[in-house]
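With the input below, show me the fold.
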Amino acid sequence: MELNDANLQSLTEFLRKTLDPDPTVRRPAEKFLESVEGNLNYPLLLLTMLEKSQDTVIRVCAAVTFKNYIKRNWRIVEDEPNKVSDQDRTAIKANIVNLMLSSPEQIQKQLSDAISIIGREDFPQKWPDLLTEMVTRFRSGDFHIINGVLRTAHSLFKRYRHEFKSNELWSEIKLVLDTFALPLTELFKATIELCQTHAADVNALKVLFSSLTLISKLFYSLNFQDLPEFFEDNMETWMTNFHGLLTLDNKLLQTNDEEEAGLLELLKSQICDNAALYAQKYDEEFQPYLPRFVTAIWNLLVSTGQEVKYDLLVSNAIQFLASVCERPHYKHLFEDQNTLTSICEKVIVPNMEFRSADEEAFEDNSEEYIRRDLEGSDIDTRRRAACDLVRGLCKFFEGPVTAIFSGYVSSMLGEYAKNPGENWKHKDAAIYLVTSLASKAQTQKHGITQANELVNLNEFFVNHILSDLKSPNVNEFPVLKADAIKYVMIFRSQLPKEQLLQAVPLLISHLQAESTVEHTYSAHALERLFTMRGPNNTTLYFTKPHLSFLNLNLFFKAIMRSFSLLQESIVPYIPTLIGQLTHKLLLVSKNPSKPHFNHYLFESLCLSVRITCKANPTTVSSFEEALFPVITEILQNDVQEFLPYVFQVMSLLLEIHSNSIPSSYMALFPHLLQPVLWERTGNIPPLVRLLQAYLEKGGASIAGSAADKIPGLLGVFQKLIASKANDHQGFYLLNSIIEHMPPESIIQYRKQIFILLFQRLQSSKTTKFIKSFLVFINLYCVKYGAIALQEIFDSIQPKMFGMVLEKIIIPEVQKVSGPVEKKICAVGITKVLTECPSMMDTEYTKLWTPLLQALIGLFELPEDDSIPDDEHFVDIEDAPGYQTAFSQLAFAGKKEHDPIGDSVGNPKILLAQSLYKLSTACPGRVPSMLSTSLNAEALQFLQGYLQAATVQLV
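I've put the predicted structure just below:
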């Protein structure tokens, strides 16, 4: 693509169409952009457009498109072509920093993200001057430019917060500190001075406080891995100024917005984070500063209101106190009874209260409420922080803290009892207090596993929880009902079995509740109870009468768990359920935004297919009738998130059929070979399995009615075999082709298949490839015979067969793992030893005994699982940019297939019988070869096989 006006104009039009709400206009434009993004100059055209276009919408759209292009394509993946030309890479790196700094903020943010994506791959080795170029801009004095640099540095360095320690990481951080720490400190001091100079100018203060927040975030990232010498030497500067900012209260920066945190709150909450980091990790060096930070943060907490905009600040401030009170040498700060009472009264209790904002979320934004409260994404909420502080205080002061809180719990419950309608929030806070006080250790699988012995959980359940669960009106006090359900769920491992059995029917009744939170909690609690195991791994809590309550109010994990428990008991309900499940699938396919929900929906579909078809395999057609219209729509609309699931469901259905492929599947077959489907890594495992099912059920019909598709099938094999990450999938496909396709249909392709495999062996030989290659050649030998195997090798190059035996099979067969794979290799090698005449009377004869020795080794020696040092497999998950991942459906699982089956029960007996047959054909030869060349131990094992087979060599 040339960098000219015509191309700019054309690209502008396509970008405009990608914003069109009409999918018939939008989708073709998106497809076009996808098809041209590999062209030279494409990214430079986008950069030119976002720099020069007069239309702000187009400029922002070009910036977002450019960032996503970088995200998808910048990383260079081994075995795959470079998706961005070197010429474009150089030009992008030369221009992007300038462009980012001179762009408006909306565009600056997108380009800043793009720089950090490029930096993650190229900095510092391939982009050594990036930091220097950025640091020099600090001197510009223009805070629009300075904030652009700070924002980019933040997105570049924040990964230091979660990277594993390594020499490479240390070197990079050292380089960053050498270049960046001093200018950052100077900028910090200068910005604070400017804040004092412009203390009355609200617009200037807004820009300066944005800078200070970004500088504080950078401080956190650069100090996270270890305490750098530079920051230790300059701790006085940083901590004194941080403390000053914590206690600052500039009226001009206070906002009227009750929801959105202002600049002052954001800065102070980041400083609380920084102080907590130092208190936790560098407490010795931080000790001189700690008391004044404790005082400042305490004052902040007792003077900050209940508005939502302060939530992050309050939660970070409480987390600071929580991290300090857990450290043994700060214990003395909290020992005084009055201090503990004051913390409980002024910090913990007020921040556990259920506010009107929480009530709004409970009613109007239930999904977010559930995600925060149940799934643990409430990391920044006041309640979670207060709960962590309770746990921290209990570490050293469990008795006093429990005693103080018991008083609060009693008075709250007393208030509730006086007037439940008015005071229900008191009971909510009491339940939350008891929960946080009692919880010491928790796991996803078992709930609370270790509880505070000073809290009587069972008594609290009987006196205060059961009444809410038993209430005949499930819609009254929904928050308290949800609290009660959550109590059962998290303390399920602590409560007696009788109480839990009593709770199950009550939980089922709450599935009918109008409140989304209440019925979702109920479903979740049931799902958790269903997974509990008693002695001998038996299911603890489920009885058949509860079955009639199954309905789609349960979210899908609970449905899946119920199906799994009930098995054939649900068969009568399946016709009703399957209609609802497919209807739900059609709805969510329009906007698949909830990955867990989607996953369990497909699991439930697979379970209903499995359970019903196990009882009656002919019902598979009624499932296909219900599911195929939805599957077709998903395939036509290319719903990427659902394709890996759809292919697994189709495989499951097809594998249930007896040996034929229905025409509805044959119609879809050509579409499954489209290259675009194979570009997405998440599609590869389920698509390979689906093609294997096609070959297994109808290899002959593919050879007959779709012979023109065989090159396409082999094209898929060729693509997969070229990739280190997916070569094993290529072999799965190839093995199915060899096993199930009529020999005459692939005879013309066989030699080319072997040539491709040898080319890959020469270019990059890995242990995984060798193991798969060994299984394949032995399967070929089992299927077509040892003579055919020898002939195809020697037709590629004279004496090639001997080279493969000597260099690959004999030294490497010990690496093969898996019972089926070992069996295939054993039967294949037995055929080479006993059914290939050239092994007995040509130059290959010298390999006969070493090959037999290797086979006995495969039977008797432990597997060789060593891997050479220089092999670094590409992690399959390590795909660049966003790709739909492959999520294995547990209930769409495939049984392991043995291509040899029952025709060979014990390969050792087969070897003995085959050697006997060979020895009768050429008497005397076999015993003499064994006695002269086979080592004594192997000979002893072989004698055992011959005895077991009751044969004797002649």
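
show me where the stretch 101-250 of the chain has helices.
Secondary structure of the stretch 101-250 of the chain, counting by DSSP state H, counting those that start in this stretch: helices at 105-122, 130-136, 143-157, 167-197, 202-224, 229-233, 235-247.

Of all the residues in the helix or strand that the last one is followed by, which ones are buried?
Using DSSP states H and E, the next helix or strand after helix 235-247 towards the C-terminus is helix 263-281. If you call a residue buried by 16 or more other C-beta atoms under 10 Å, then helix 263-281 has these buried ones: 263-279. Bear in mind the C-beta positions are built from the backbone N, C-alpha and C, glycine included.

list the contacts for residue 824?
Contacts for residue 824 (C-beta atoms under 8 Å, 6 or more residues apart in numbering) come out as 775, 778, 779, 782, 899, 900.

ok, now with 6 Å
775, 778, 779 (C-beta atoms under 6 Å, 6 or more residues apart in numbering).

Could you give the number of residues near residue 611?
When neighbours are counted by other C-beta atoms under 10 Å, residue 611 registers 19.

and it, how far is that from residue 621?
Residue 611 sits 16 Å away from residue 621, going by C-beta to C-beta, to the nearest Å.

got it, and residue 806?
53 Å.

How about residue 401?
64 Å.

Which one of the two is surrounded by more residues?
The neighbour count for residue 401 versus residue 621, taken as other C-beta under 10 Å, is higher for residue 401 (26 against 14).

Where does that one sit, in terms of helix or strand?
helix 382-418.

average model confidence for that helix?
On average, the pLDDT along helix 382-418 is 91.

Please name every helix or strand in contact with whichever helix or strand comes after it.
Per DSSP H and E, the first helix or strand lying C-terminal to helix 382-418 is helix 420-438. Counting contacts by 3 or more C-beta pairs under 6 Å, 6 or more residues apart in numbering; DSSP states H and E, helix 420-438 packs against helix 382-418, helix 478-490.

What is the distance between the shortest one and the centre of its chain?
Going back to what we said before, that points to helix 478-490. Computed by C-alpha atoms, centre = their mean, to the nearest Å, the chain-centroid distance of helix 478-490 equals 29 Å.

Could you check the angle whichever helix or strand comes after it makes with helix 478-490?
Sequence order places helix 497-509 as the next helix or strand after helix 478-490, per DSSP H and E. Helix 497-509 runs at 140 degrees relative to helix 478-490, counting by axes from the mean of the first three to the mean of the last three C-alpha atoms, to 10 degrees.

Quick check: buried residues in helix 497-509?
Result for helix 497-509 [16+ other C-beta under 10 Å]: buried residues 499, 500, 502, 503, 504, 506, 507, 508.

Run through the strands of the stretch 451-600 of the chain in chain order.
With DSSP state E, counting those that start in this stretch as the definition, the stretch 451-600 of the chain shows no strands.

Does residue 910 touch residue 900 like I think?
No. In this structure residue 910 lies outside contact range of residue 900 using C-beta atoms under 6 Å: 9.6 Å.

In what element of secondary structure is residue 361 found?
Per DSSP H and E: residue 361 is located in helix 356-364.

So for the next helix or strand after that helix, what gets flagged as buried?
Going down the chain from helix 356-364, the next helix or strand is helix 366-373, by DSSP H and E. For helix 366-373, the neighbour count (16+ other C-beta under 10 Å) marks 366, 369, 370, 372, 373 as buried.

of the residues you listed, closest to residue 215?
Each of the buried residues of helix 366-373 was scored against residue 215 by C-beta to C-beta, and residue 372 proved nearest at 29.7 Å.

Tell me the spacing between that closest one and residue 383.
On the measure of C-beta to C-beta, residue 372 and residue 383 end up 9 Å apart.

Could you do residue 706 as well?
61 Å.

more neighbours, these two?
residue 383 (22 against 18).

Leaving out chain neighbours, which residue sits closest to the more buried one?
Closest residue to residue 383 apart from its sequence neighbours, by C-beta to C-beta, 6 or more residues apart in numbering: residue 352 at 5.7 Å.

residue contacts, that neighbour?
383, 386, 429, 432.

what two of those residues are the furthest from one another?
So, the contacts of residue 352 by C-beta to C-beta: farthest apart are 386 and 429, at 10.2 Å.

Looking only at neighbour counts, state which of the two leads.
Counting neighbours by other C-beta under 10 Å for residue 386 and for residue 429 shows that residue 386 has the greater number, 27 against 23.

For that one, give its distance to residue 305.
Residue 386 is 16 Å from residue 305, by C-beta to C-beta.

try residue 221
30 Å.

do residue 702 as well
On the measure of C-beta to C-beta, residue 702 and residue 305 end up 71 Å apart.

who's more crowded, those two?
residue 702 (24 against 9).

sorry, back to before: from the buried residues of helix 366-373, which is closest to residue 99?
residue 372 (38.7 Å).

What's the per-residue pLDDT of the closest one here?
82.

hang on, the earlier thing: with distance to residue 135 as added columns, please give the helices and strands packed on helix 420-438 in a markdown table.
As requested, the helices and strands packed on helix 420-438 are exported to a markdown table (distance: least, C-beta to C-beta, whole Å):
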| stretch | distance to residue 135 |
| --- | --- |
| helix 382-418 | 36 |
| helix 478-490 | 50 |
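
Of these, which stretch is the most buried?
helix 478-490 (a mean of 24; mean count of other C-beta atoms under 10 Å).

tell me the average confidence for it?
Helix 478-490 comes out with an average pLDDT of 94.

next one: stretch 918-938
90.

Stretch 786-803 now?
95.
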